[in-house]
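Novice: Build me a structure from this.
(chains A, B, C and D)
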2 protein chains.
Amino acid sequence: MPKLASQQCVDPKLHKPTENQLLKALDADVQERLFPHLELVELPLGKALYESGDVLRHVYFPTDCIVSLLYVMENGASAEISVVGHDGMIGVALIMGGESTTSRAIVQSAGYASRLAGQRMKSEFNRHGDMLHLMLRYSQALITQMAQTAVCNRHHSIEQQLCRWLLLSLDRLKDNHLVMTQELIANMLGVRREGVTEAAGRLHRQGVIDYSRGHIIVTDRARLEQLSCECYSVVKAETDRLLPLSRHHPHSVS
Amino acid sequence: MPKLASQQCVDPKLHKPTENQLLKALDADVQERLFPHLELVELPLGKALYESGDVLRHVYFPTDCIVSLLYVMENGASAEISVVGHDGMIGVALIMGGESTTSRAIVQSAGYASRLAGQRMKSEFNRHGDMLHLMLRYSQALITQMAQTAVCNRHHSIEQQLCRWLLLSLDRLKDNHLVMTQELIANMLGVRREGVTEAAGRLHRQGVIDYSRGHIIVTDRARLEQLSCECYSVVKAETDRLLPLSRHHPHSVS
DNA sequence: ATTTTTATGTGCGGTACCGTACAGAGCGCG
DNA sequence: CGCGCTCTGTACGGTACCGCACATAAAAAT
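Specialist: Modelled structure (predicted):
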C-alpha cells in the first residue's frame, strides 16, 4: 500500500469562480454582474450546507469540493440522491420557488465553493436571461441523475454501485485519490458498511483500487468502468448532452 | 368478490382542460391564450406518449388518465420514476431545454388528456409569466417524487411499495377501482410478478383490497396508508406545499 | 363446448444483503 | 511505549427477494 500524500496547502486566491463549469458557461455580462458578489467559502468534510426543510439562504458553486444530496428517512436510514462537484450547483430548489427541499446537502470531499446570496441568485434568475436557461438545463441533468439513481437502487449490486460511486467522485476530483471511509460510502449508498468492505476488498484483489483507513486510490479506472453498471455512463452522456459547455477535463490515472 | 362495473361511456365534451390542476391554476389570460390550442386526446392503456430519447412533440395535461414515467434498462429491467395524473404534466424536458429524456411515458390508466404542441408550450413558457413559475414549482415536485422513489427502492419492502403505489394511483382516480394486472404493477415497481402476487394476497387477507384478473378495488384506504411506507405521505405533503393551487379532491371509498 | 390465452397462486432452491458480533490493524496521543 | 480510537475484515444465522417451474382459474377465442 503506497504512502499517501498529505493534504496540500491550497491558496484560496487560486480558486477562480470559473473553475465551476456552470459559472464558466455564463455570458460575460452575467459574470460581470454576478462575480463581485460571489464569496469563496471553505467547506470541511461533513459540513451540512442545508438540512431537510431548511430555507435556503445561499446557492453554492463548488470549485474543487464535492457535495452529496442525501435523503434521510424517519428511521435514520439514508440514501444519496445526487453528487455535485465543479460541474453543478447546490440549491436548485431556491430558483424553483420551493425555498426548501426534503433532502440535505453534505460535503463529501472538502474544498472550496463560490457562494451566492439567495436573493442575488433569484434576481439574476428573474432577468430571464442566460442564467435561466442554464439552470433549466442543469435541472434536467439533475433529474436524469436522480431517475438513474432510483433505477440503480432497485436493480444493481453493491459492487456495481460502488464502482459507479467511485467514478462519480473521480470525475469531480483533480486526482485519483479520495478521502472517504467505507462507513461514509455505505451511508451514501444506503447499505451496510460491511457490504462496502466486501465489495472494496474484491475490487482491491482485482487491482482496481488501493485503500487504507479513509483513503482510496483508483489505480485502474478503465476496469472500474467495466465493473460499473450502465448508470454511470448513461448519466454522464446525458449530462454532457445537456451541458456541453462543461468542457471535458482529463481524468488522470497514475 | 364483487362484480365489477364495466367501463363507463364518457362524453369527451365533459372533459374540460381545467380538470387538470396545473391548467386550472393558470391565470385567466394565460388560459384564454392557451386553451384554444389544446386538443383533447384519448389515451388507451399501454400507449407510449414518448420513448427514451424521443424528441418531444407535445406536452400532455391528463384530465382523468394516469401516466407513468418509466425507465427501462439495457437488460430490459424497468422501474417507475414518477406517476402523473390530473395533478401534473408529461413533457417537462421540453421546457427544460433538453427536448428529450432518458425515460419513457406509458399510459397506466386509460382516459383523456389535453395535448399542446411543443412549440406553443415553449412560446408560452418563454413569455416568462405564470406558466414559467408554475412549471418550475411542478418540476420541484417532480424532483421530490423521484428522490423519494430512489430512497423507497433502496429501503422498503414490496408490500410497502405496493401500498404506496396503490395510494398514488387512487389519488389520481375518481373512484377506488383500478384496472391493472399484477404483472404490470411488477413492471412499475421493478420487481417480480410473484412478489406482487404475494403482497397483494396479504393485503386481501387483511381486508384492504379486493381484486380479480386485472381489477383492483381498494376497500380500506386508511389501512392502506398505515401499511404504506412514509414515502407516500412525504411526497404528498411536499407536493401540496409546492402546488397549493391543486385543490383538495375527495378520495371516496365505498 | 372445447380449446387457447391470460391472470393469478404456489413451491423450491439460490443468493444478495441484512443485523449482529467480534477480532485485528493502523494511527493519534498521553 | 502503551492505551484508546477509528477503520477494516470476517463470520454466522436470518430473510427478502430472485429465477424458474408448474398448477389452477377465469376469460376469450374458436
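Novice: if I've got this straight, A:R172 is in a helix?
Specialist: No - per DSSP: H, G, I helix; E, B strand; the rest coil, A:R172 lies outside any helix segment and is coil.
Novice: Does chain B have contacts with the top helix by length along chain A?
Specialist: Longest helix of chain A, by residue count under DSSP state H: helix A:130-155. Yes - for helix A:130-155, a contact with chain B is found by C-beta under 8 Å from any C-beta of the partner chain, at A:132-133, A:136-137, A:139-140, A:142-144, A:146-151, A:153-155. Heads up, the C-betas are built off the backbone N, CA and C, glycines and all.
Novice: cool, and stretch A:156-175?
Specialist: No - Stretch A:156-175 lies out of reach of chain B by C-beta under 8 Å from any C-beta, never closer than 9.1 Å.
Novice: With just CA atoms, put that stretch into CSV.
Specialist: In CSV, the C-alpha atoms belonging to stretch A:156-175 read as follows (Å, rounded to 0.1, in the frame of the first residue of the first chain):
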residue,chain,number,x,y,z
HIS,A,156,-27.8,-3.3,-9.2
SER,A,157,-25.4,-4.9,-6.8
ILE,A,158,-23.4,-3.1,-4.1
GLU,A,159,-20.3,-3.7,-6.1
GLN,A,160,-21.7,-2.2,-9.2
GLN,A,161,-23.0,0.8,-7.3
LEU,A,162,-19.7,1.2,-5.5
CYS,A,163,-18.0,1.4,-8.9
ARG,A,164,-20.5,3.9,-10.1
TRP,A,165,-20.0,6.0,-7.0
LEU,A,166,-16.2,6.0,-7.3
LEU,A,167,-16.4,7.1,-10.9
LEU,A,168,-18.8,9.9,-10.0
SER,A,169,-16.4,11.1,-7.3
LEU,A,170,-13.4,10.7,-9.6
ASP,A,171,-14.9,12.9,-12.2
ARG,A,172,-15.2,15.7,-9.7
LEU,A,173,-11.7,15.4,-8.3
LYS,A,174,-8.4,16.5,-9.6
ASP,A,175,-6.6,13.3,-8.9
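Novice: In which helix or strand does A:Y211 reside?
Specialist: Here A:Y211 sits within strand A:209-212, counting by DSSP states H and E.
Novice: average model confidence for whichever helix or strand comes after that strand?
Specialist: Moving toward the C-terminus from strand A:209-212, the next helix or strand (DSSP H and E) is strand A:215-218. Average pLDDT, strand A:215-218: 97.
Novice: those helices in the stretch 101-250 of chain A, which residues are they?
Specialist: Listed in chain order, the helices found in the stretch 101-250 of chain A under DSSP state H, counting those that start in this stretch are A:118-125, A:130-155, A:158-170, A:182-189, A:193-205, A:221-227, A:231-242.
Novice: Quick one: low-confidence residue ranges for the stretch 1-150 of chain A.
Specialist: The stretch 1-150 of chain A contains residues with pLDDT under 70 at A:1-14.
Novice: What parts of it come near chain B?
Specialist: Taking C-beta under 8 Å from any C-beta as the criterion, the stretch 1-150 of chain A approaches chain B at residues A:69, A:71, A:73-74, A:77-79, A:81, A:92-93, A:95-98, A:101-103, A:128, A:132-133, A:136-137, A:139-140, A:142-144, A:146-150.
Novice: In contact with the closest residue to A:K47 other than its chain neighbours, which residues?
Specialist: Closest residue to A:K47 apart from its sequence neighbours, by C-beta to C-beta, 6 or more residues apart in numbering or on different chains: A:V107 at 4.5 Å. A:V107 makes contact with A:L43, A:P44, A:L45, A:G46, A:K47, A:A48, A:L49, A:C65, A:I66, A:V67, A:S68, according to C-beta atoms under 8 Å, 6 or more residues apart in numbering or on different chains.
Novice: Could you give the backbone dihedrals for the closest residue in space to A:A105 that isn't next to it in sequence?
Specialist: Leaving aside its sequence neighbours, A:A105 sits nearest to A:L49 (C-beta to C-beta, 6+ apart; 4.0 Å). Backbone torsions of A:L49, given as degrees, to the nearest 10, read phi -70, psi -30.
Novice: cool, the one 5 residues further on as well?
Specialist: Backbone dihedrals for A:D54, given as degrees, to the nearest 10, come out at phi -60, psi 140.
Novice: got it, and the one 4 residues further on?
Specialist: Listed backbone geometry of A:H58 is phi -140, psi 160, with angles given as degrees, to the nearest 10.
Novice: Count the residues that sit near it.
Specialist: 20 (other C-beta atoms under 10 Å in any protein chain shown).
Novice: I figured it was touching A:A113, is that so?
Specialist: No - in terms of C-beta atoms under 8 Å, A:H58 does not count as a neighbour of A:A113; the distance is 9.5 Å.
Novice: Can you verify my assumption that A:S233 contacts A:T239?
Specialist: No - A:S233 is beyond contact range of A:T239, at 10.5 Å (criterion: C-beta under 8 Å).
Novice: So which of these two has more stuff around it?
Specialist: For A:S233 versus A:T239, neighbours defined as other C-beta under 10 Å are more numerous around A:T239 (21 against 13).
Novice: which stretches of the stretch 1-150 of chain A form strands?
Specialist: Along the stretch 1-150 of chain A, the stretches classed as strands by DSSP state E, counting those that start in this stretch are A:39-43, A:48-50, A:58-62, A:66-72, A:78-84, A:104-109, A:111-117.
Novice: Domain-wise, how is chain A divided?
Specialist: Using automatic domain parsing, the domains assigned to chain A come out as A:18-153, A:157-242.
Novice: For the residue lying closest to A:A110 once chain neighbours are set aside, list the residues it contacts.
Specialist: Ranked by C-beta to C-beta, 6+ apart and with sequence neighbours excluded, the top spatial neighbour of A:A110 is A:L45, at 4.4 Å. Contacts for A:L45 were tallied using C-beta under 8 Å, 6+ apart; they are A:V107, A:Q108, A:S109, A:A110, A:V179.
Novice: Now which of these would you call buried?
Specialist: Neighbour counting over these (16 or more other C-beta atoms under 10 Å in any protein chain shown) leaves A:V107, A:Q108, A:S109, A:A110 as the buried ones.
Novice: now the helices of the stretch 101-250 of chain A as a markdown table including distance to A:A25?
Specialist: Rendered in a markdown table, the data for the helices of the stretch 101-250 of chain A read as follows (distance: least, C-beta to C-beta, whole Å):
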| stretch | distance to A:A25 |
| --- | --- |
| helix A:118-125 | 14 |
| helix A:130-155 | 6 |
| helix A:158-170 | 20 |
| helix A:182-189 | 27 |
| helix A:193-205 | 34 |
| helix A:221-227 | 26 |
| helix A:231-242 | 11 |
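Novice: So for B:G214, which of these sits nearest?
Specialist: For these, the distance to B:G214 is smallest for helix A:130-155, at 24.2 Å, taking C-beta to C-beta.
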